[in-house]
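Q: mind looking at a prediction? Sequence and model below.
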Amino acid sequence: MTHSIQPKNLLAGLGLALLILSSPIAVYVWRLMGFASPADLAHPLLLITITNGFSILLLIGIYYRFWVRLSQLEQDNDNSRFLSPEIRDRQQTELQEQNFVSVILDTANALITVLDKQGRIIRFNHTCERLTGYSFDEVKGKYIWDLFLIPEDIESVKTIIKELQAYHFPNEHKNYWITRDGTRRLISWYSTVLLDDNRSVKYFIGIGIDITERQQAEQMRRKLERQQELSQLQLRFFSLVSHEFRTPLSTILASVQLLQLCPNKFPPDKKLRNLQRIESAAQRLRQMLDNILTINRAETGQLEFQPTRVNVEQLCQGILAEIPFNPDHQYLLNFVRTVDCSHAYLDEKLLRLILTNLLTNAIKYSPPGGTIDLQLTCTSTEVIFQVRDRGIGIPADDITHIFEPFHRGKNIDSIPGSGLGLTVAKTCVIVHGGNISVTSEPGVGTTFTVTIPCKVISQV
């Protein structure tokens, strides 16, 4: 049972105290105001009258102040009795919701931060405290970039805040946080805003997940996959290269032995044919070595790009003339020039690798007696090469893989090849800042288009 202070009890206590204390006070005040001399104040009746009157006045003033305060306290305590049930229920519900949200924020396994419009921290849940090693009291009111962000991420986070202020939300991003002990943790954030009653941005809310271990696991997985790919590439490399080296070397060795054993029994045309076989085999070996070295230099960042003023038309004609003649696989090379583009700034060595690989591929996969076209087109800002054959074509499933090292189409049968030529061609095109594309239809033929941006000079 509760007890409240009653006014009459308060009055009784105050009255007793004032009767005890007011006699000397009242006499002093009366004499100070000059209403009576000290001799008159010594009269008992006058002294009682002054004391009682002063006590009553003082008691009335004090009682009034206490009565007003007590009334306010009782009114505050009883306010809820005058509220409607709906208001009391709503207040209770809001209080429960606040407590519920607070519990969720502090027990969630995600990092939850709330920032004001300037980027200062106003909420920092327990998960943030555990991750960073800072308590909420230590970070409250401080800018987030002054505490946790690495220098490389500060500007990007400020840009995100500006985007959120411009109502571009939600926003997903990643950045690093630095903990108290200096450890870097990669956090994936989902950021949004809280609006006020006027639909203005009031707070920024960030919900983050620590993905450091996930990223490390992903990096490890990619590293293992890369190692497996390299292992497979090495196996394919040694298998294909050993076969590709053995075939031309065997051709060279057999031709040389025939010429040595029967130097006087071969007519000039047969001698010439054997010499051509030797030359063709040697060219294949040299091109294969050039391809391997080019890929290795590209992967190690040592492939140099040195553009010079090149006579493009003469270069194309020279490359066509250098293609080794194969008496067992004859073909027709056709050079087409659409416009005059005598000179352009290109890397001649890399351009030779591009065109040589595309042309030898076209010859290899064309039927005997087939025609291969090399078309040259120029604009003021780029040079375009097209190599077209009427050969076996490329199956649709292989189109997306043809530029990968050692990849060969399913329809090549026993046609020799290392699977490096197109890889080298694409590598050299990329070094030029250009693009290479392919269109093909099995049984009809294939066209490779190389576009290289450069400064073209039409006149010699």
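A: Alright, I've got the coordinates. Being a predicted model, the structure only gives us computed values, none of them experimental.
Q: who are the neighbours in contact with the residue lying closest to Phe124 once chain neighbours are set aside?
A: Nearest residue to Phe124, sequence neighbours excluded (C-beta to C-beta, 6 or more residues apart in numbering): Phe136, at 4.4 Å. (C-beta placed from N, C-alpha, C; glycine too.) If you count contacts by C-beta atoms under 8 Å, 6 or more residues apart in numbering, Phe136 has them with 123-124, 129.
Q: in CSV, list those residues along with pLDDT, secondary structure and distance to Glu313.
A: As requested, the contacts of Phe136 are exported to CSV (pLDDT from 0 to 100; DSSP: H, G, I helix; E, B strand; the rest coil; distance: C-beta to C-beta, whole Å):
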residue, pLDDT, secondary structure, distance to Glu313
Arg123, 86, strand, 71
Phe124, 88, strand, 70
Glu129, 89, helix, 72
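Q: dump the residues you listed into JSON lines; add distance to Ser200 and neighbour count as well.
A: Formatted as JSON lines, the contacts of Phe136 follow (distance: C-beta to C-beta, whole Å; neighbours: other C-beta atoms under 10 Å):
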{"residue": "Arg123", "distance to Ser200": "19", "neighbour count": "18"}
{"residue": "Phe124", "distance to Ser200": "23", "neighbour count": "24"}
{"residue": "Glu129", "distance to Ser200": "30", "neighbour count": "17"}
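Q: which of these sits closest to Tyr190?
A: Among the contacts of Phe136, Arg123 lies closest to Tyr190 (C-beta to C-beta), at 15.7 Å.
Q: need the contact list for the closest one.
A: 105, 112-114, 136.
Q: and Arg297, by the same measure?
A: Contacts of Arg297 by C-beta under 8 Å, 6+ apart are 303-304.
Q: where does it land in three-state SS?
A: Three-state call for Arg297 (DSSP: H, G, I helix; E, B strand; the rest coil): helix.
Q: so, low pLDDT: which residues of the stretch 201-350 of the chain?
A: Within the stretch 201-350 of the chain, the set of residues satisfying pLDDT under 70 comprises 233-244, 263, 324-329.
Q: need the strands for it, in chain order.
A: 201-210, 308-311, 332-337, 343-346 (DSSP state E, counting those that start in this stretch).
Q: where is the longest helix in the chain?
A: Taking DSSP state H as the criterion, the chain has its longest helix at helix 212-261.
Q: who wins on neighbours among the contacts of Arg123?
A: For the contacts of Arg123, the largest number of neighbours (other C-beta atoms under 10 Å) sits with Thr113, at 22 neighbours.
Q: I figured it hits Gly119, correct?
A: No: if you go by C-beta atoms under 8 Å, Thr113 and Gly119 don't touch, sitting 10.4 Å apart.
Q: what is in contact with those two at once?
A: With C-beta under 8 Å, 6+ apart as the test, Thr113 and Gly119 both reach Ile144.
Q: show me how far stretch 128-139 is from its chain's centre.
A: 26 Å (C-alpha atoms, centre = their mean, to the nearest Å).
Q: and for stretch 217-225?
A: For stretch 217-225, the distance to the chain centre is 18 Å (C-alpha atoms, centre = their mean).
Q: render the CA-only coordinates of it in PDB, please.
A: Provided in PDB are the C-alpha atoms of stretch 217-225 (Å, rounded to 0.1, in the frame of the first residue of the first chain):
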ATOM      1  CA  ALA A 217      39.100 -18.600 -48.800                       C
ATOM      2  CA  GLU A 218      38.100 -17.300 -52.300                       C
ATOM      3  CA  GLN A 219      41.600 -16.100 -53.000                       C
ATOM      4  CA  MET A 220      42.900 -19.500 -51.900                       C
ATOM      5  CA  ARG A 221      40.400 -21.300 -54.100                       C
ATOM      6  CA  ARG A 222      41.300 -19.200 -57.100                       C
ATOM      7  CA  LYS A 223      45.000 -19.800 -56.400                       C
ATOM      8  CA  LEU A 224      44.400 -23.600 -56.300                       C
ATOM      9  CA  GLU A 225      42.400 -23.400 -59.500                       C
END
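Q: what comes up buried for stretch 129-142?
A: 129, 131-132, 134, 139 (16 or more other C-beta atoms under 10 Å).
Q: would you list those in JSON lines and tack on distance to Leu289 and secondary structure?
A: Formatted as JSON lines, these follow (distance: C-beta to C-beta, whole Å; DSSP: H, G, I helix; E, B strand; the rest coil):
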{"residue": "Glu129", "distance to Leu289": "62", "secondary structure": "helix"}
{"residue": "Leu131", "distance to Leu289": "55", "secondary structure": "helix"}
{"residue": "Thr132", "distance to Leu289": "57", "secondary structure": "helix"}
{"residue": "Tyr134", "distance to Leu289": "61", "secondary structure": "coil"}
{"residue": "Val139", "distance to Leu289": "62", "secondary structure": "helix"}
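Q: greatest separation within the residues you listed: which pair is it?
A: Longest span within the buried residues of stretch 129-142, C-beta to C-beta: Leu131 and Val139, 11.9 Å.
Q: what about stretch 129-136, how long is it end to end?
A: Using C-alpha to C-alpha, to the nearest Å, the end-to-end distance of stretch 129-136 comes to 7 Å.
Q: check stretch 304-320 too.
A: 24 Å.
Q: go on, stretch 435-450?
A: One end of stretch 435-450 to the other measures 6 Å (C-alpha to C-alpha).
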